[in-house]
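Colleague: coords please:
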Amino acid sequence: MKLPVEDLPRHLASGLKPLYVIHGDALLLSIESGDAIRAAARATGYTEREVLTAEPGFKWAELRNSAQSLSLFSARKLVELRIPSGKPGIEGAQALQDYCGQLNTDTVTIITLPRLDKAAQDSKWFTALAAQGMVIAAEEIALNALPAWIAGRLKRQGQSADADTLAFLAERVEGNLLAAYQEIQKLALLFPAGHLSFEQVKDAVMDVARYDVFKLSEAMLAGDAARYARILDGLRAEGEATVLVLWALTEDIRALAKVSHAMQRSGNLAAALRDARVWGVRQKLVERAVRRFSPAIAERALRQAANVDKVIKGLRQGDVWDELLQLGIRCARAKAA
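Modeller: Model (predicted):
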């Protein structure tokens, strides 16, 4: 059963379930969810704890044995299984399915996974976990939803801010929840409960944005030219390799070209996305972007990317960062006829 992150405290107040599965790439939300379950387990008598990590060579029998063996000093136990790769393998997949059939109330199990693609979530082992346990998706907060998330966190510590201040804070952390959490905690230390002014927040908040090439490409696909330019400036200031920046942009432009060509032939968007191997969060971005692109626009963008590559390699004159800015802005503002 799916359990939204924000509903976890209310769920835990009503009692623990034998199995929790936490997956996603929002590290802060994953850590907080695990901490909340552990605290609830300790409070209700699960005093023994064992942590297992399914790395190469892991003996899956240890999972079964751990759940079945209790010490002389504890009648209840918390078992944590971490699968860093998100891929348990054939033996692990079967072990997880078997484990789901042997759950008991004397053991609470937390299984932690990274973000899983659709194929992994449709697998037999994950389906078994979802059927028997509570599944918590620790997903990153979308940039447009981040101000509301920050407002909720401020409310927890008795503080508030207006919409412009929340938008400013969200922009400064550039979608990084750990950075946002640190800044919100700082505001609690610096100022008393109550309304925070824009000037207070502006003076207190450092530039903690964590820029990366994937957020840059997301801004390009979303058609957000201003955000694209801001992130590109951040990458330049941090000394990011231009070849990596160009690679990320070209991968998505190439996907747009494939999808737009396929759409022109068949008009079947779902099949075009599948054939171009576009899945997950990226699928939604490409799906929206392809409406602004035609095959001709995509081909021109690929030729421009090839020219940027020549500049990077010294085969053509030009300012690499300016070329990258022009490439992304043109793609962000593209409009198919």
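
Colleague: buried ones in the lowest-mean-pLDDT helix or strand in the chain?
Modeller: The weakest-scoring helix or strand in the chain, judged by mean pLDDT, DSSP states H and E, is helix 280-289 (a mean of 79). Neighbour counts over helix 280-289 (16 or more other C-beta atoms under 10 Å) mark 282-283, 285-287, 289 as buried. Every residue, glycine included, has its C-beta placed from N, CA and C.

Colleague: ok, stretch 28-40 next?
Modeller: Going by neighbour count (16+ other C-beta under 10 Å), the buried part of stretch 28-40 is 28-30, 32-34, 36-38, 40.

Colleague: residue contacts, Ala231?
Modeller: Heads up, residue 231 is Ile, not Ala. Contact analysis of Ile231 by C-beta atoms under 8 Å, 6 or more residues apart in numbering lists 174, 211, 215-216, 219.

Colleague: quick one: which of those residues is nearest Glu240?
Modeller: Tyr211 (7.5 Å; C-beta to C-beta).

Colleague: in helices, which of the contacts of Ile231 fall?
Modeller: Among the contacts of Ile231, DSSP state H puts 215-216, 219 in helices.

Colleague: would you say Arg38 is within a strand?
Modeller: No - using DSSP: H, G, I helix; E, B strand; the rest coil, the assignment for Arg38 is helix, not a strand.

Colleague: find the nearest non-adjacent residue to it, please.
Modeller: Leu78 (6.6 Å; C-beta to C-beta, 6 or more residues apart in numbering).

Colleague: residues contacting that neighbour?
Modeller: Contacts of Leu78 (C-beta under 8 Å, 6+ apart): 38, 41-42, 46, 48-50, 107-110.

Colleague: kindly recompute the last result at 6 Å.
Modeller: By C-beta atoms under 6 Å, 6 or more residues apart in numbering, the contact set of Leu78 is 41, 46, 49, 108.

Colleague: enumerate every residue touching Val108.
Modeller: Taking C-beta under 6 Å, 6+ apart, one finds 16, 41, 46, 78 in contact with Val108.

Colleague: so the first one is in which element?
Modeller: The one in question is Leu16. Taking DSSP states H and E as the definition, one finds Leu16 inside no helix or strand.

Colleague: cool, and the second one?
Modeller: If you go by DSSP H and E, Ala41 is part of helix 27-43.

Colleague: quick one: distance of the least confident helix or strand of the chain to the chain centre.
Modeller: Chain-centre distance of helix 280-289: 15 Å, with C-alpha atoms, centre = their mean, to the nearest Å.

Colleague: now do stretch 8-25
Modeller: Per C-alpha atoms, centre = their mean, the centroid offset for stretch 8-25 relative to its chain is 19 Å.

Colleague: now do Val21, the pLDDT please.
Modeller: With respect to pLDDT, Val21 scores 97.

Colleague: run through who's touching the strand or helix carrying it.
Modeller: Assigned by DSSP H and E, Val21 falls within strand 19-23. For strand 19-23, the surrounding residues in contact (C-beta under 6 Å, 6+ apart) are 30, 33, 37, 103, 109-113, 116, 129, 132-136, 138.

Colleague: what's the neighbour count on Pro9?
Modeller: Per other C-beta atoms under 10 Å, the neighbour tally for Pro9 reads 10.

Colleague: now it: which helix or strand?
Modeller: Using DSSP H and E, Pro9 falls within helix 8-13.

Colleague: what about that helix, average pLDDT?
Modeller: 94.

Colleague: now do the buried residues in that helix.
Modeller: 8, 11-12.

Colleague: rebuild those as TSV, extending it with distance to Leu143.
Modeller: Output for those, formatted as TSV (distance: C-beta to C-beta, whole Å):
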residue	distance to Leu143
Leu8	23
His11	28
Leu12	29
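
Colleague: out of those, who's nearest Ile329?
Modeller: Distances from Ile329 to the buried residues of helix 8-13, taken by C-beta to C-beta, are shortest for Leu8, at 41.0 Å.

Colleague: quick one, what contacts that closest one?
Modeller: Counted by C-beta under 6 Å, 6+ apart, Leu8 has contacts 33, 36.

Colleague: what's the answer for the one 10 residues further on, then?
Modeller: Under the criterion of C-beta under 6 Å, 6+ apart, the neighbours of Pro18 are Leu103.

Colleague: for the host helix or strand of Ala120, which outside residues touch it?
Modeller: Using DSSP H and E, Ala120 sits within helix 118-121. Helix 118-121 is contacted by residues 126, 279 when judged by C-beta under 6 Å, 6+ apart.
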